[in-house]
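Visitor: Predicted structure and sequence below. I'll ask about it afterward.
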Amino acid sequence: MDKHSEETGVHTTTNSLPATTSLTIIHSTGVFTHNILWCYCPGSPKQYLQLLKAGLFPPSISHPRTAFTFNVLDNFLIDALECKTSVSSFFQKLCCLTNNAFPDSVPDQYHELMRVWLIMRRYVVDGNFTAQHMNMRQPHFDVSLSDGLGYMVTEAEYQAHLSSAVESKDKSSCSNHHAVNAANINRSNLQATGVGATACARHGCFVPHAVVDFQKGEQ
């Protein structure tokens, strides 16, 4: 903490701040090392929060010395999903982008990238279009015991959303496109034509309050 003496006019330092910290930053264009100075102002956030506010994702929250830009994580997610790129292959590509002549000289951040990849939230969405539910003759007897408290959405809010949503019918250029035609068939006798859910891509666990009934085909 800096302190100015009114008596002597001398500017002294009671608590010297730490020197700059060497931080390895992984971007979509390569691996780089920069010296940074943390903010030590009163009420300043912790170091990992400072990195997040700057668009950097640290593998550790205690003493971060490595950070990945959000851009490189987005690129890795697309490569992993569309090209089935492994963590090792993706980081090797970054090493070649950093130093194509001597990629082995690039700091090895493979384990840090693996740690970040494991804690990233990844979801998959799928549906069952054969789980049909017919309209009840006496729907007032269909009483929900835990409406919106489990994995299914709240019925009233979901129905309000459906009533305000604008339906757009798909038009196929094929003479007899069965998938599109089946979606446009009137199913007035069915209360639900299927069920859709969101799950964790890593563990397979369903996301609470993210399971819905389809009302018409895949709608």
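Guide: That came in fine, so what should we check first? Numbering: from 1, shown residues only.
Visitor: now the helices for the chain?
Guide: Taking DSSP state H as the criterion, the chain contains helices spanning 47-53, 70-82, 87-98, 110-119, 155-164, 178-183.
Visitor: Point out the other helices and strands that the first one packs with.
Guide: It refers to helix 47-53. Contact here means 3 or more CB pairs under 8 Å, 6 or more residues apart in numbering; DSSP states H and E; on that basis helix 47-53 packs against no helix or strand. In this view, the C-beta of every residue, glycine as well, is placed from N, C-alpha and C.
Visitor: Could you list the residues in contact with it?
Guide: 38-39, 44-45, 57-58, 60-61, 63-64, 67 (CB atoms under 8 Å, 6 or more residues apart in numbering).
Visitor: Mind checking which of the residues you listed are buried?
Guide: 38, 57-58, 64, 67 (16 or more other CB atoms under 10 Å).
Visitor: Can you say which two of the residues you listed are spatially most distant?
Guide: 38 and 57 (16.7 Å; CB to CB).
Visitor: Tell me where the model's unsure across this protein.
Guide: Applying pLDDT under 70 to the chain picks out residues 1-18, 120, 167-189, 191, 216-219.
Visitor: longest single strand anywhere in it?
Guide: In the chain, assigned by DSSP state E, the strand with the most residues is strand 206-214.
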